[in-house]
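A.B. asks: Give me a model of this one.
(2 chains)
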Amino acid sequence: KAGVTQTPRYLIKTRGQQVTLSCSPISGHRSVSWYQQTPGQGLQFLFEYFSETQRNKGNFPGRFSGRQFSNSRSEMNVSTLELGDSALYLCASSFGGGMNTEAFFGQGTRLTVV
Amino acid sequence: GENVEQHPSTLSVQEGDSAVIKCTYSDSASNYFPWYKQELGKGPQLIIDIRSNVGEKKDQRIAVTLNKTAKHFSLHITETQPEDSAVYFCAASSAAGNKLTFGGGTRVLVKP
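C.D. replies: Residues are numbered from 1 along each chain as shown, chains lettered A, B, ... in the order given. Take a look at the predicted model:
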């Protein structure tokens, strides 16, 4: 069974640009969550999508947005990039449903903003 | 919102010894507590989890305990091996979806 796939693995962008990251969840999983990991702030929740709807949202500015497609694949977009957006962005895939279920992470996308 | 604190931030043990990592959480509505292991260059890997209706869970050399009254939970690794060296994260989640709040992480070094 294939795991969670995130593309691309590495990105270098310039301040002010925008970026789109992609996540393909485990087959059969309908929930996709996104996290930002930095040395200073640790792992922070961005948002969760379930059946194409945003179900939970963290405390990030509106520059961070996401969406989920009918095949459960998800994309995350960051507009007007700032140096502080440099981080490892992780996607987690869960079966979903009403109760918390095990979340499996991808290898992440390392974003560097210069 | 939920706040999870994790201690210690670093832990060095001799191979074969036990390692214990402790976490406390603030939201009494939290009912799911997973533990993740993250190796360099990789995403976090789920190693064990526990739900609030259970006090202890074991999986080979790994065990997790939960004290709902005190709002803390712990990871125990016995007979540590060099491949156990990694960063370990605890997390907590309530019934409202799959939002995980993570602790700050513990860097474990197992010395041969």
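A.B. asks: Quickly run through the sheet partners of the worst-scoring helix or strand of chain A on mean pLDDT, with directions.
C.D. replies: Using mean pLDDT, DSSP states H and E, strand A:53-57 stands out as the lowest-scoring helix or strand of chain A, at a mean of 91. Strand A:53-57 pairs in its sheet with strand A:42-50 (antiparallel), by DSSP bridges.
A.B. asks: For the strand it pairs with, give me every contacting residue.
C.D. replies: Applying Cβ atoms under 8 Å, 6 or more residues apart in numbering or on different chains, the contact partners of strand A:42-50 are A:30-38, A:54-60, A:64, A:66-68, A:74, A:76, A:89-90, A:96, B:44, B:89, B:91, B:97-105. Heads up, the C-betas are built off the backbone N, CA and C, glycines and all.
A.B. asks: What's the PyMOL line that selects buried ones from those residues?
C.D. replies: A single PyMOL command selects the buried members of the contacts of strand A:42-50 (16 or more other Cβ atoms under 10 Å in any protein chain shown):
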select buried, (chain A and resi 30+31+32+33+34+35+36+37+55+56+58+60+64+66+67+68+74+76+89+90+96) or (chain B and resi 44+89+91+97+98+99+100+101+102+103+104+105)
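A.B. asks: For the nearest residue to B:Ser30 once chain neighbours are set aside, grab the count of nearby residues.
C.D. replies: Using Cβ to Cβ, 6 or more residues apart in numbering or on different chains and skipping the chain neighbours, the partner closest in space to B:Ser30 is B:Ala92 (4.2 Å). B:Ala92 has 27 neighbours, counted by other Cβ atoms under 10 Å in any protein chain shown.
A.B. asks: Report the contact partners of B:Ile21.
C.D. replies: By Cβ under 8 Å, 6+ apart, the residues touching B:Ile21 are B:6-8, B:11, B:74-75, B:88, B:90, B:106, B:108.
A.B. asks: out of those, who has the most neighbours?
C.D. replies: Neighbour-wise, these (other Cβ under 10 Å) top out at B:Cys90, 28 neighbours.
A.B. asks: Show me the strands in the chain, by range?
C.D. replies: All of this refers to chain A. A:5-7, A:10-13, A:19-24, A:31-38, A:42-50, A:53-57, A:64-68, A:74-78, A:87-94, A:104-105, A:109-113 (DSSP state E).
A.B. asks: Switch to chain B, please.
C.D. replies: Residue ranges of the strands in chain B, as given by DSSP E, are B:4-7, B:10-14, B:19-25, B:30-38, B:45-51, B:56-59, B:62-67, B:72-77, B:86-94, B:101-102, B:106-111.
A.B. asks: No more questions from me, cheers.
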